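Student: I need the structure of the sequence given here:
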Amino acid sequence: MCLLKNFLIGSMLFCGLQITAQTIEVCNGCPVSSLKAAIKMAQAGDTILVKRGTYKEYNIVVDKPLTIKGENFPVIDGEDQGEIIRIVSDHVTIDGLFIVNVGTSYTSDHAAIRVVRSEHFLIQHVVLEKLFFGIYIEKSNHGKIYHNTIIGDAQDEYNSGNGIQLWYSKHVVVEKNNVQKVRDGIYLEFSDNITINENTSTNNLRYGLHFMFSNDDLYTNNTFENNGAGVAVMFSKRIKMLNNTFKKNWGTAAFGLLLKEINDAEIKGNVFEENTVAINIEGSNRVVYSGNDFISNGYAIKVLGACYTNTFEKNNFLYNSFDVSYHSKINDTIFQHNYWSSYTGYDLDKDGVGDVPYRPVKLFSYIVNKTPETIILMRSLFIDIIDFSEKVSPVFTPDNLLDMTPHIKRYK
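Tutor: The predicted structure follows:
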């Protein structure tokens, strides 16, 4: 009861501040010509309107509830000196700024915008270029990162940072951002109840999305394309990844999606197209893969081991070199009602389900995993013969890894 009372009092006080709020204008010819000076003179709840122009400032600390709004994208130039904006107060909004030239450091993670131990923040319509880290959220909750453009110039992993990073934060929405040419597009660590929606993360050195030890997160309608290794998801529980696109993540160690030690998750309605490996799975249990499209990948599904009680149902497997690769003879994964473009069975009773089970694991995928150089034999008659023999009498692949109810037509 006391907590509720305190929350209501805090909300009433903040609303009161908004009623008496003033607007302070910043421009090169104004009485207030710098963002630092405007913050110093502002009262809690005020709005700072930054006019168009270039302001050479860094180490700007926002230590009171303020709205900082840019008019026609004024440039905040850090001149490679260090961090540019640090937010250490609740109820801060940053809107419409163009921030460039964050300083690079090998001892500090300098960011264009850093939020530290703050609540109810909003960062929107911001453009970030020539950065080390872009937006860095640290031990902050109940915020939104909306419709920002982050374009780095990363050349090497060791001297580049991430576009959007959340660390020990909860209840944050990351939506409609465009992130390019950084180390990891979006990175989360120890961050729960996060929503990642409608973002585009492309051409990044390492991962389009990378998160660890982050539970109960939701990822929807994002595009991860042409990244160094795709998306990595590690040591997390109760994750939902719905209606995302993983495309053209190519390379010797690349994948669309890596799952490592993931439990009780849903991977549904996604498109995996033209990746070296669409989904690389290790030590992940009780995951439901449903309604996904696997199109023209090297491997659609690659299971490395220690994966139990998983279900693949109603997915489309279309023109992949290998539909499923399995590194264990023990299997309790369920494959049911999937469409397989390489299925050659028949449907005599016309119920839409194949009358002959489909065995998705080829012996050749087992051979390639052991000896990668044998991939050059892929289209040979010899390979067709050994795959057929393994299908008739499994020796090296799990004999119970079957789709007993293969769908005859592709799901729309």
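Student: What segments of this protein are helices?
Tutor: 2-19, 35-41, 363-370, 381-392 (DSSP state H).
Student: Select from those the stretch with the lowest mean pLDDT.
Tutor: Among the helices of the chain, helix 2-19 carries the lowest mean pLDDT, a mean of 50.
Student: Hmm, residue 180 and residue 199 touching each other?
Tutor: No - the pair residue 199 / residue 180 is not scored as a contact, 11.3 Å apart, by Cβ atoms under 8 Å. C-beta: built from backbone N, CA, C; applies to glycine.
Student: Can you pick out the residue with more neighbours from these two?
Tutor: Neighbour count, other Cβ atoms under 10 Å: between residue 199 and residue 180, residue 199 has more, with 27 against 20.
Student: Spit out the contact partners of the more buried one.
Tutor: Applying Cβ atoms under 8 Å, 6 or more residues apart in numbering to residue 199 gives the contacts 174, 175, 176, 177, 178, 179, 185, 186, 222, 223.
Student: now it: how far from residue 399?
Tutor: 42 Å (Cβ to Cβ, to the nearest Å).
Student: same thing with residue 36?
Tutor: 70 Å.
Student: Contacts only, for the residue lying closest to residue 206 once chain neighbours are set aside.
Tutor: Counting by Cβ to Cβ, 6 or more residues apart in numbering, the nearest residue to residue 206 once its immediate chain neighbours are dropped is residue 228, at 4.8 Å. By Cβ under 8 Å, 6+ apart, the residues touching residue 228 are 204, 205, 206, 207, 249, 251, 254.
Student: so what's the backbone phi/psi at residue 228?
Tutor: phi -60, psi -40 (degrees, to the nearest 10).
Student: Let me know the pLDDT of it.
Tutor: 92.
Student: For the lengthiest strand in the chain, which strands pair with it and how are they oriented?
Tutor: Assignment by DSSP state E gives strand 257-268 as the longest strand of the chain. Take DSSP bridges as the rule and strand 257-268 pairs in its sheet with strand 230-237 (parallel), strand 240-242 (parallel), strand 277-282 (parallel), strand 285-290 (parallel).
Student: From the chain's centroid, how far away is the longest one?
Tutor: In other words, strand 230-237. 9 Å (Cα atoms, centre = their mean, to the nearest Å).
Student: Run a quick neighbour tally on residue 133.
Tutor: Residue 133 is flanked by 28 other residues according to other Cβ under 10 Å.
Student: circling back: mind putting the contacts of residue 199 in a markdown table, pLDDT and neighbour count included?
Tutor: Formatted as a markdown table, these follow (pLDDT from 0 to 100; neighbours: other Cβ atoms under 10 Å):
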| residue | pLDDT | neighbour count |
| --- | --- | --- |
| 174 | 98 | 27 |
| 175 | 98 | 18 |
| 176 | 98 | 16 |
| 177 | 98 | 27 |
| 178 | 98 | 17 |
| 179 | 98 | 28 |
| 185 | 97 | 32 |
| 186 | 98 | 31 |
| 222 | 98 | 27 |
| 223 | 98 | 16 |
